[in-house]
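**Q** quick one: sequence plus predicted model below, questions after.
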Amino acid sequence: MKSYFIAYLFLIGSLYLSAQADRWQQRVAYRMDIDFDVTTHRFNGKQTLVYTNFSPDTLDRVFYHLYFNAFKPGSAMDVRSSTIDDPDPRVSNRISQLKPEETGYHTIHSLKQDGKDVVFEVAESILEVKLAKPLLPGKETLLEMTFTSQVPVQIRRSGRNNAEGIDYSMAQWYPKLCEYDEQGWHANPYIGREFYGVWGDFDVTIHIDSRYMVAASGYLQHPERIGKGYAPEPVVRKPGKLSWHFLAPNVHDFLWAADPDYRHTSLVRKDGIVMHFFYQENERTKENWVALPGIMDQAFDYIQKHFGSYSYKQYSFIQGGDGGMEYPMATLITGERNLGSLVGVAVHELMHSWYQMMLATNESLYAWMDEGFTSYASSRVMQYLIETGNLKPGRPAANVQAGNYAGYFNLARSGFEEPLSTHADHFQTNRAYGLAAYSKGAVFLAQLEYVLGKKAFDEALLRYFYTWRGKHPNVNDFIRIFEKVSGLELDWYKEYFYHTTHTIDYGIEKLDTASNGNLVFRLTRVGRMPMPVDVVVTRNDGTKLAYTIPLDLMRGNKGSDSPYSDWQTLADWQWTHPFYNLRIPLSAADVAKVEIDPSERLADIERGNNTWRRP
């Protein structure tokens, strides 16, 4: 019996997640039937949920997210949004002003475990459930729920009647089981920041007024029966309503949106992936949304080559929401933008499919491993689209990550920076959270390219994706992949840049002439964070000498690094030493300039002391 049980666990893990021996994954299977009333903005729901406990722990309780309950006056999200020093202008005090018919809510009518009623309590946006029977390791249980929900006026991400006139942006719309992992339950009240979900399969049927077109995360079943742009003849399943049935395999969330005026177009890529586009056609959208499919087709090619293959058969770009927000197999984006802005938000949200939808870190705890990595990759994709002429007008940037570095420098000099290790919900300001998650997170990656060299970095980035896809990786998982590929020790980098707010500042302090006639430059570490240092010497004739000074904590050095293919590796700079003597086999008359990090990938907050020029 024991051998059968072990084989069963191995088979399931291999089929679904190919999980490593030391990283189990919980599993869910949702079936939901939603009867939607567009006159009251309410829906009645039936949810059956098969929950499989692959953890080594016995569970006597479970938790659900009830996101709509945050959209009520006096909620944690309302108070947090109205009292923080720099409120999000999309939220601010708007929740406090909602009328009863404008609020959101989930009312749980019944909840059973394997046919038996369970005891539960609603704690605002979290449903706390005491199981009727403990769930043992390796076992599954059936949770059956009935509920009624009201869709709030669109304020943040989800809701009805957004600013561009989209009727329903249905994100975070259903009672969603919280994640349980090696750190325990993650039942965080919703205050409008990040998410974390359980891998599973979704079977969702939505009954809605027949005038509406529905776009969603999953694969539409029997589209020939729907019409509304999918096929010519609709079939009514309930009086005045159409039934939209979607299947979404191996995802950790499910999005849908609906509007009677959606225009639907699609593009089938050469690899068979179908891109869907849903938008309201008007003078502000018509030309740009027509141009978007071809551009995103080219972006998809670049992304899959450099960041890994896409796991699903389709992706949908859906007008809705309050800006741009990512979900499995789909995104909500506001659509009345110029073409550059529309492509920019579409690229960014699509890239989230790699760093959140397929890797799926705990985004609440490691927001920067999603937002930052997505920002880094999006910058590269946009540069590619500009360089290839797919996006016009545009001019390639000398440093493709310059915007991300500028954001980080702003944060580092601001006085309100908090470590990247801070939970997303607990940053003291929105500004500190945003710049840390997006800008510093992107710099975390871009600067690793500087440390490892581009070739090793690109190899490690792909290996990280393929090793940890579908497994909720954390910062240690990430850094170990880069260590294995490069052969370098990188724990010091993680400890400084992730756990602290120490900054980097290197300078050239003075020039001496050694007894043998060679030049000696004294380099100094001004900032608290030690780093390897690249130095480029420019002769009077314009030729260059390139040096790399490894940090002793690396226990090695990077290889060649574009654009300088021939680096000379010098002796290590010990992290305890604030000074380093750089000896150059040239006379003072031969040297025009000496520069620390001309590539500007070192996150040096004071570049004014990075260059020496011959007087």
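**A** Alright, I've got the coordinates.

**Q** the residue nearest to His109 when sequence neighbours are not counted: neighbouring residues, count only.
**A** By the measure of CB to CB, 6 or more residues apart in numbering, the closest residue to His109 outside its immediate chain neighbours is Thr146, 4.5 Å from it. For glycine as for every other residue, the C-beta is placed from the backbone atoms N, C-alpha and C. Residues contacting Thr146 under the criterion other CB atoms under 10 Å number 14.

**Q** would you mind measuring from Thr146 to Gln47?
**A** Separation of Thr146 from Gln47 (CB to CB, to the nearest Å) stands at 8 Å.

**Q** just checking, the residue nearest to His109 touches Ser110?
**A** Yes. Counting by CB atoms under 8 Å, Ser110 is a contact partner of Thr146 at 4.9 Å.

**Q** contacts only, for Asp271.
**A** The neighbours of Asp271, taking CB atoms under 8 Å, 6 or more residues apart in numbering as the test, are Gln304.

**Q** so for stretch 188-202, mean pLDDT?
**A** Here the mean pLDDT over stretch 188-202 is 97, rounded to a whole number.

**Q** let's number from 41 now, not from 1
**A** Sure thing, new numbering starts at 41, so read that last one as stretch 228-242.

**Q** and it, how far apart are its ends?
**A** Across stretch 228-242, the terminal residues are separated by 22 Å (CA to CA, to the nearest Å).

**Q** would you agree Thr188 falls within a strand?
**A** Yes. Judged by DSSP: H, G, I helix; E, B strand; the rest coil, Thr188 forms part of a strand.

**Q** not counting its neighbours along the chain, what's nearest it?
**A** Spatially, and ignoring its direct neighbours in sequence, Thr188 is nearest to Thr147 (4.7 Å; CB to CB, 6+ apart).

**Q** cool, Val483 as well?
**A** Of all residues not flanking Val483 in the chain, Tyr448 sits nearest, at 4.6 Å (CB to CB, 6+ apart).

**Q** thought the one you found was touching Leu475?
**A** Yes. With contact taken as CB under 8 Å, Tyr448 and Leu475 are classed as touching, separated by 6.8 Å.

**Q** so what touches the strand or helix carrying Leu585?
**A** Counting by DSSP states H and E, the element that carries Leu585 is strand 584-589. With contacts defined as CB under 8 Å, 6+ apart, strand 584-589 is touched by 563, 572-579, 597-598, 601, 604, 606-613, 620, 622, 624, 626.

**Q** and for Thr651, the neighbour number?
**A** Thr651 has 15 neighbours, counted by other CB under 10 Å.

**Q** surely it and Gly547 touch.
**A** No. With contacts defined as CB under 8 Å, Thr651 does not count as touching Gly547, sitting 9.3 Å away.

**Q** what distance do you get for Gly567 to Lys511?
**A** When distances are taken as CB to CB, Gly567 and Lys511 turn out to be 35 Å apart.

**Q** hmm, I was thinking of Leu382
**A** On the measure of CB to CB, Leu382 and Lys511 end up 33 Å apart.

**Q** compare the two (neighbour count), which wins?
**A** For the pair Leu382 and Lys511, the greater number of neighbours falls to Leu382 (24 against 20), based on other CB under 10 Å.

**Q** which ones are touching Leu99?
**A** Contact partners of Leu99, counting by CB under 8 Å, 6+ apart, are Asn93, Leu171, Pro174, Leu175, Tyr220.
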